Structures are given as C-alpha cells and as structure tokens.
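K.L.:
got a predicted structure plus its sequence, pasted below:
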Amino acid sequence: MTDSQAPAATPTTVHDATGTNGTAGSLGTNPVAAAPAGARTAADVVTPEVVARLVRGVVGSGRTANHTPFTGERLAELPESTPEDVATAFERARAAQPLWAALPVRQRAAVLLRFHDLLLERQAEVLDLIQLETGKARLHAHEEVQGLAVEARHYGRAAASYLRPKRHTGVVPVLTKVTELRQPRGVIGQIAPWNYPLELSAGDALPAFVAGNAVVMKPDTETALTALWARDLLIEAGLPPEVFLVVLGEGPVIGPEVVRHADYVSFTGSTRTGREVARGAADRLVGVSLELGGKNAMLVLADADVEKAAAGAVRACFSSAGQLCISIERLYVHDSVADAFLERFAARTKAMRLGGSLAYGADMGCLVGERQLETVTRHVEEAVAKGATVIAGGVARPDIGPLFYEPTILDGVEAPMAVCAEETFGPVVSVYRFGDEDEVIGLANATPYGLNASVWTKDSRRGHAIAGRLRTGTVNINEGYAPTYGSVRSPMGGMKDSGLGRRHGSEGILKFTEAQTVAQQRILPMAPSLGMDDEKYAALMSRSLRVMKALRLR
C-alpha cells in the first residue's frame, strides 16, 4: 500500500463524473445494487452502547472520531492516545504477559478455538462494522471472516506442535543432549492497516497470543471499531483483557511510539512507512515483520480457459475495490487469446453491481477515503491523457456515494504513466499483450515489488514451472489470490520491496518467539579428562569428527 492510501478523516469532495472514456457527464455503466427493504443503517449498528463497550480496550486520554466511506458521516467518537498513553499500554500489557505465558500452550490455544466458534456465530455483527468502516461489499467483508476463522482453527490446533520442545543431536552424540525451546518475545507492537481491519488485526495477533505474548495494537482510527470488536470477542473467548490493549491516533505520532516500546513489531502497510518501522526496530535491535506494497501481475497463457480466466480476473482485480495488497494491477494476456479474453472480462466488469447497503447483493463497494479516490482518479486521467484507452469504467459514481468509482480496465498503458509502475490500490487494472513466455516472465518480474502473482493455464506442469520463475512470495495457478492466502499452513509474504518475514504456517508463529537452546553435557566434559593431556584430547576429538562424518551425522 502506498502512503497516499491512508483514508482521509472525512470524505467531503464529490468528484465530477465526467467520464474519462469520452462520455462527458456520464455516470458510467455499472448498475447499482438495490438496497433490500428494511436494511440496517449505521445508526442501527453503531449505537452508543456498542461504542461504549468496545472502547474499553483503548488506552487513550484524548478524543477523535471515525467515519463511514459510504456517506462520509461520523460513525463514533473514540479515545485518542498520546505517547504517554502508549507507554502506559505497554506497561500494563507487560505486567499481564507473564501470567498468560505461564499457562499451558493447549490452554491458550483453547481460547482461539472458542473464538473461532463465536466468530462464526456472531459474524453478522462484524460484517456490518467492516462494511461501515471500509465501504466493502458484504461478500468481500466475509472474506475477512473466512480468513480469520481459518487462522483461529489452524493455530488453535497446531500451536502445540509448532511450539513444543525439539530434540537435536548434540555436538557429541549420547554425551550431549540438546533441546530447543521457544520462549515468547514479550509484548508485540502491532500496527494494522485499514483495508482488512478484521483479518489483518486479529488474524496477525492470534499466533502472537497463542505463543504466549501480549499485544498492543494500533489499528487505523477509521477502522478501529472492527479491531475492537475482535478484541471484545477474544476476551469473551477467555483472553485476559490486559493481554490485548489498543492505542489510537495519527500514524506519524503513535506508530513510532509503538515501535519504541515493543519487543517485536508486526507491521502491514506501505513500503515507505515499512522502511521507517524497520529503521526504528533496528535502532532498538528488536525483530520486525513487514507486509508491504505490491504491483501484482496476472499471466493469461495461450492455453488458458478464457471464460474462467475472465471470471477470475474480476475477483483478482476488484475484490474490496482493489484495496488489497495482493490484488492484481497488471494483466498480461497472450496475443492469441487477448481479444476473446478482453471481450469477456470487459463484459463481466461492466455488469458488476455497485452498492453500499449492509446486505449481500453488491459486487463491489467504494473506496475507503478521499485521498484514495484522488490517487485512482489521477492514475486513470493521466493514463488517458497520455494515450491509454478505457475499456471499462474510468468514472467516479457520486450518484451512489462520495467515494464510489467504477471498476476500470485500461489498455495501452506504458511508461512513464504513473499507473504503469506505481501501486494504485484501487479498482484499476492495466492490460498488456505478450507473445513470448520468457518475455512476459521478465516483464512480470520487472518491478521493485514481489508480493503476489497469478498464472492461468490448463497445463499444470507448465503453470508450476512459470510460478517457480516469478519473484513473488505467493503464486496462484488458475486463481487470483485466495488459494495461497487461505492456505494458512504455508507461509505468506513478500520478496524485494514487498516486505520481510512471513505470516501463516510455522514462520507466522515462530517469529513471535525467541529460540532458546539448552544443552546438557553428560558423563564426560568437553575438555581433556581421564588423564588425557591437551594433545591427546585434540587427537581424540579429531578422530571423533572423522567418525561422525563417516556415519553421516548431521
């Protein structure tokens, strides 16, 4: 994500709907999803009672507020933290963490499994909050529920295996007994983004908790209610309240304070801010994991199923209005299928229903903030001014709400258009034709980012061969992003400027621990003994080392 994608406090500007596709004054072509009768409103969901219950987890002495991107109206008044409040939060969490860590791993894991069940039972509550705070379509909000439930189940079942003591062969077999232990780091400082406020807040915190850590989290203020709802549900599932505390405030003010006090930092956001977080952590010699930006590519090969690829491209490019780090922004299509693919892709894109009601039915919601709308508008208008063609979309839809923008397909994009290389983080994809697979692999890799990629082919072996040549942390074959992200037993993260470290799998939990090696020497010391002098001891050890190599000991 780029720094310009942080949501504005209140969207106020309504952009002119003059179409960059040449239809001046047009409000575009995408239909509007009808709101069902009796649909809930923000006032129905964000009641004073709900807000009062959720903000109990915030350590803050000031006041701030968040807003819904659907209309720009205020959702809730929230506490705002000062640097002193951040220090207090870490003190409280640090005091609570040892008692939590002293519990057996399976007892901590049981909290995650109870949370899993409560999440699925009460999902309607958080789906409303996610939609209100992010502007997502409800199905895209449900992706967060799915992802979080999978993580809770996985770490609830597998944490004991990941964290159990492990025996290793000692320097002298039999005489040296070695055990690797995993100790919690202490208090994790987590800085969570606005685009997936449930999955990327609670989801990243779950393995930290089950590993025995406490967490002080700074979610984005505009999406804080969703993160606070997850905290409230975890407490209901059995997590001690002081083990999970929240601070709120402006990123440049509160973010560095989180880094300043944390024993380990977990950050998801822009590459530029990620570098600052990494420098702050390095100054204190604490670990850090970073999931950063992407300019992700999808490759449609000559033998791809064009119909399935077109449907998959809609999901890959426009889920959550493209405000997804692993969303596809560059679409490479083989010359032989380009026309057929584009015809189907454009038709599906133009048919997407836009809407902002708290119900299923819309195919896409809106952007999260005014600054993001400005970025999307700038990228599209500059590309068109320099010769690109709009195949679908390309217009804002203020008739639906202040931050709606149609899903957009651009053709003829080339450097130095900003949309060619910069992360847009919105519902915009650029299409490029290719004829040679070696060439397109080079083009896909020709970016400082390396987060996600997608390959479409009927030949499984061919797809895997190409995947192995792409310099991205995840590659999906015949899908856009969901298979790799949802397969939580496997690591997920970025190469190059897309980040450091991984979430999910063993790496996703072990990063929240310190490895401790305990070695017990038995019978004989690691020194001359039994009347040996230095020379005889050295000769004995030399013979032993040769024998151990011959026995193929590792």
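P.N.:
Received the coordinates, thanks. Numbering: from 1, shown residues only.

K.L.:
for the rest of this, base every contact and every neighbour count on C-alpha atoms.
P.N.:
Will do.

K.L.:
quick one: the helices in the stretch 401-550 of the chain, in order.
P.N.:
418-421, 437-445, 460-467, 482-486, 505-510, 534-550 (DSSP state H, counting those that start in this stretch).

K.L.:
from the contact counts, what lies against the shortest one?
P.N.:
Right, the one you point to is helix 418-421. The contact analysis (3 or more Cα pairs under 8 Å, 6 or more residues apart in numbering; DSSP states H and E) places helix 418-421 against helix 370-385.

K.L.:
rerun at 10 Å
P.N.:
In terms of contacts (3 or more Cα pairs under 10 Å, 6 or more residues apart in numbering; DSSP states H and E), helix 418-421 is packed against strand 328-334, helix 370-385, strand 428-434.

K.L.:
got it, and the fifth one?
P.N.:
Applying 3+ Cα pairs under 10 Å, 6+ apart, one finds that helix 505-510 contacts helix 138-163, strand 176-184, helix 202-210.

K.L.:
in the first one, what's buried?
P.N.:
This points to helix 138-163. For helix 138-163, burial by neighbour count (16 or more other Cα atoms under 10 Å) applies to 138-145, 147-160, 162-163.

K.L.:
can you name the next helix or strand after it?
P.N.:
Counting by DSSP states H and E, the element after helix 138-163 in chain order, helix or strand, is strand 166-169.

K.L.:
how about that next one as PDB, C-alpha atoms only?
P.N.:
This file holds the C-alpha atoms of strand 166-169, laid out as PDB (Å, rounded to 0.1, in the frame of the first residue of the first chain):
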ATOM      1  CA  LYS A 166      12.500 -30.200  20.000                       C
ATOM      2  CA  ARG A 167      15.400 -32.600  20.500                       C
ATOM      3  CA  HIS A 168      18.600 -32.100  18.400                       C
ATOM      4  CA  THR A 169      21.700 -34.200  18.000                       C
END
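
K.L.:
what does that strand contact?
P.N.:
By Cα atoms under 10 Å, 6 or more residues apart in numbering, the list of residues contacting strand 166-169 from outside reads 175-182, 517-519, 553-554.

K.L.:
coming back round to it: in a markdown table, list the helices of the stretch 401-550 of the chain along with mean pLDDT and distance to A224.
P.N.:
Below are the helices of the stretch 401-550 of the chain laid out as a markdown table (pLDDT from 0 to 100; distance: least, Cα to Cα, whole Å):
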| stretch | mean pLDDT | distance to A224 |
| --- | --- | --- |
| helix 418-421 | 95 | 30 |
| helix 437-445 | 97 | 36 |
| helix 460-467 | 98 | 37 |
| helix 482-486 | 97 | 23 |
| helix 505-510 | 98 | 23 |
| helix 534-550 | 94 | 57 |
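
K.L.:
show me what contacts the residue nearest to M352 when sequence neighbours are not counted?
P.N.:
In space, M352 comes closest to D363 once its chain neighbours are excluded; the distance is 5.5 Å by Cα to Cα, 6 or more residues apart in numbering. Under the criterion of Cα under 10 Å, 6+ apart, the neighbours of D363 are 31-33, 136-140, 314-315, 318-321, 349, 351-355.

K.L.:
and the nearest residue to S498 once chain neighbours are set aside, what pLDDT?
P.N.:
Nearest residue to S498, sequence neighbours excluded (Cα to Cα, 6+ apart): L292, at 4.6 Å. L292 carries a pLDDT score of 96 in this model.

K.L.:
mind listing what E382 touches?
P.N.:
With Cα under 10 Å, 6+ apart, E382 has these contacts: T20, A388, M417, A418, V419.

K.L.:
distance check, it against V390.
P.N.:
12 Å (Cα to Cα, to the nearest Å).

K.L.:
so where's the stretch 101-250 of the chain shaky on pLDDT?
P.N.:
Of all residues in the stretch 101-250 of the chain, none has pLDDT under 70.

K.L.:
do you know the pLDDT at G28?
P.N.:
The model's pLDDT for G28 equals 85.

K.L.:
name the helix or strand for it, please.
P.N.:
G28 belongs to no helix or strand, assigned by DSSP H and E.

K.L.:
just give me the neighbour total for it.
P.N.:
22 (other Cα atoms under 10 Å).

K.L.:
skipping adjacent residues, who's closest to it in space?
P.N.:
Using Cα to Cα, 6+ apart, the closest residue to G28 is V395 (6.1 Å).

K.L.:
was I right to think that neighbour contacts T377?
P.N.:
Yes. Using Cα atoms under 10 Å, V395 is in contact with T377, at 8.0 Å.

K.L.:
on that earlier part again, for I130, which of the helices and strands packed on helix 418-421 is the nearest?
P.N.:
helix 370-385 (17.7 Å; Cα to Cα).

K.L.:
just the CA coordinates of whichever helix or strand comes after the closest one, formatted as PDB?
P.N.:
Downstream of helix 370-385, the first helix or strand assigned by DSSP H and E is strand 389-392. Taking Å, rounded to 0.1, in the frame of the first residue of the first chain, the C-alpha atoms of strand 389-392 are listed here in PDB:
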ATOM      1  CA  THR A 389      -7.800   3.600 -23.600                       C
ATOM      2  CA  VAL A 390     -10.500   2.900 -21.100                       C
ATOM      3  CA  ILE A 391     -12.100  -0.500 -21.800                       C
ATOM      4  CA  ALA A 392     -14.500  -0.300 -18.900                       C
END
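
K.L.:
parallel or antiparallel, list what pairs with strand 389-392.
P.N.:
strand 408-411 (antiparallel) (DSSP bridges).

K.L.:
neighbouring contacts of the partner strand?
P.N.:
317-318, 329-331, 342, 345-346, 349-350, 376, 380, 383-384, 387-395, 419, 426-433.

K.L.:
just to revisit the earlier point, mind putting the helices and strands packed on helix 505-510 into TSV with distance to R275?
P.N.:
Listed next are the helices and strands packed on helix 505-510 as TSV, based on distance: least, Cα to Cα, whole Å:
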stretch	distance to R275
helix 138-163	27
strand 176-184	25
helix 202-210	20
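
K.L.:
quick one, which of these is nearest to E439?
P.N.:
So among the helices and strands packed on helix 505-510, helix 138-163 is nearest, using Cα to Cα, at 34.0 Å.

K.L.:
those strands in the stretch 1-150 of the chain, which residues are they?
P.N.:
62-67, 74-80 (DSSP state E, counting those that start in this stretch).

K.L.:
pick the most deeply packed of these.
P.N.:
Each of these was scored by mean neighbour count; the highest is strand 74-80, a mean of 20, by mean count of other Cα atoms under 10 Å.

K.L.:
re earlier: is there a quick PyMOL command that grabs whichever of the contacts of D363 are buried?
P.N.:
Burial among these is assessed by 16+ other Cα under 10 Å; the matching PyMOL selection reads:
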select buried, resi 32+33+136+137+138+139+140+314+315+318+319+320+321+349+352+353+354+355
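
K.L.:
just the contacts of D363: which are in helices?
P.N.:
Residues of the contacts of D363 located in helices (DSSP state H): R138, L139, H140, V314, R315, F318, T349.

K.L.:
returning to that earlier point: closest one to Y196 among the helices and strands packed on helix 505-510?
P.N.:
The nearest among those, by Cα to Cα, is helix 138-163 at 6.9 Å.
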